[in-house]
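Participant: Any chance you could fold what I've pasted below:
(one chain, ligands or ions: 1)
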Amino acid sequence: MSARVKICGITTVEQGQFAVAAGADAIGLVFYAKSPRCVDLEQARAIALACGPFVTVTGLFVNAAASAIESILAKVPLHLLQFHGDETLSDCERFHRPYIKALRMRPELDLEASIAAYPSAVGILLDAYRPGTPGGTGETFDWQRVPTQPLKPIVLAGGLTPDNVSQAIATTRCNAVDVSGGVELGPGMKDPERVKNFIVNAKRGNL
Ligand SMILES: O=C(O)c1ccccc1N[C@@H]1O[C@H](COP(=O)(O)O)[C@@H](O)[C@H]1O
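Facilitator: Here you go, the predicted model:
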């Protein structure tokens, strides 16, 4: 099976459309004010509606207030929630939507126990750990740490690029990848060529 691909940090309708045209299975809208990729409600709604059916529109949150998430859900048609902070199981479950939980690969992280803590997640996203930054760092982690028989489907993230994504999939045997910085010209500016190459290389399958 070829890998599922999410292009995260889409900031314009045009970027959403070219990601979908290039074969993205999912796009990500960042609702985290400190990110250079943060979108407002109007932008987010326009992008979500422009992606067309059968594309998973994902909302990324970092320790957001429940009321803020509710306001976004009332306006923006999100299919999947991505919790990228320190959200607990009940924080993730309270919206009754499919969700993925991001775990940052701190050296001392008990990965098995951390995955088991989110039994209702549709997947667990593994990202690099940089102290003080919740994600989107453009940094990789040791792919050998990805479990070969995980309790939950794994989404691999962190520093992926068109050049390393095939190797990342071959090493981890994950069937979903997420990228932000590795397909950009600058923060928030997706590069159509890099997006296309990333998707081609991810979907080419394991090396
Ligand atoms: O993209 C962001 O700005 C962001 C901000 C805060 C938390 C997560 C964020 N992005 C997610 O981080 C990972 C790795 O991104 P990168 O490819 O290394 O740039 C990915 O899952 C993004 O969705």
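
Participant: Okay, and the residue nearest the centre of the chain sits in which element?
Facilitator: By CA atoms, centre = their mean, the chain has its centre lying nearest to Asp178, at 4.6 Å. Element membership for Asp178, per DSSP states H and E: strand 176-179.

Participant: Residue numbers of this protein in contact with the ligand?
Facilitator: Counting by CB under 6 Å from any ligand atom, the chain comes close to the ligand at 8-9, 28, 30, 32, 35, 37, 60, 62, 84, 125, 127, 134-138, 157-160, 178-182. Every residue, glycine included, has its C-beta placed from N, CA and C.

Participant: In strands, which of these appear?
Facilitator: Using DSSP state E, the subset of the residues of the chain next to the ligand located in strands is Gly28, Val30, Leu60, Leu125, Asp127, Asp178, Val179.

Participant: neighbours around the second one, how many?
Facilitator: Residues within reach of Val30, counting by other CB atoms under 10 Å, total 27.

Participant: now the strands for the chain?
Facilitator: Under DSSP E, the chain gives strands at 4-7, 26-30, 56-61, 80-83, 99-104, 123-127, 154-156, 176-179, 184-186, 189-190.

Participant: Please tabulate those strands in JSON lines, including the columns mean pLDDT.
Facilitator: Below are the strands of the chain laid out as JSON lines (pLDDT from 0 to 100):
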{"stretch": "strand 4-7", "mean pLDDT": "98"}
{"stretch": "strand 26-30", "mean pLDDT": "98"}
{"stretch": "strand 56-61", "mean pLDDT": "98"}
{"stretch": "strand 80-83", "mean pLDDT": "98"}
{"stretch": "strand 99-104", "mean pLDDT": "98"}
{"stretch": "strand 123-127", "mean pLDDT": "98"}
{"stretch": "strand 154-156", "mean pLDDT": "98"}
{"stretch": "strand 176-179", "mean pLDDT": "98"}
{"stretch": "strand 184-186", "mean pLDDT": "94"}
{"stretch": "strand 189-190", "mean pLDDT": "96"}
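
Participant: chain center to the strand holding Asp178: distance?
Facilitator: 6 Å (CA atoms, centre = their mean, to the nearest Å).

Participant: Same check on stretch 26-37?
Facilitator: 10 Å.

Participant: and if you look at stretch 65-83?
Facilitator: 15 Å.

Participant: and what of stretch 93-100?
Facilitator: 15 Å.

Participant: How about stretch 29-47?
Facilitator: How far stretch 29-47 lies from its chain's middle: 14 Å, per CA atoms, centre = their mean.
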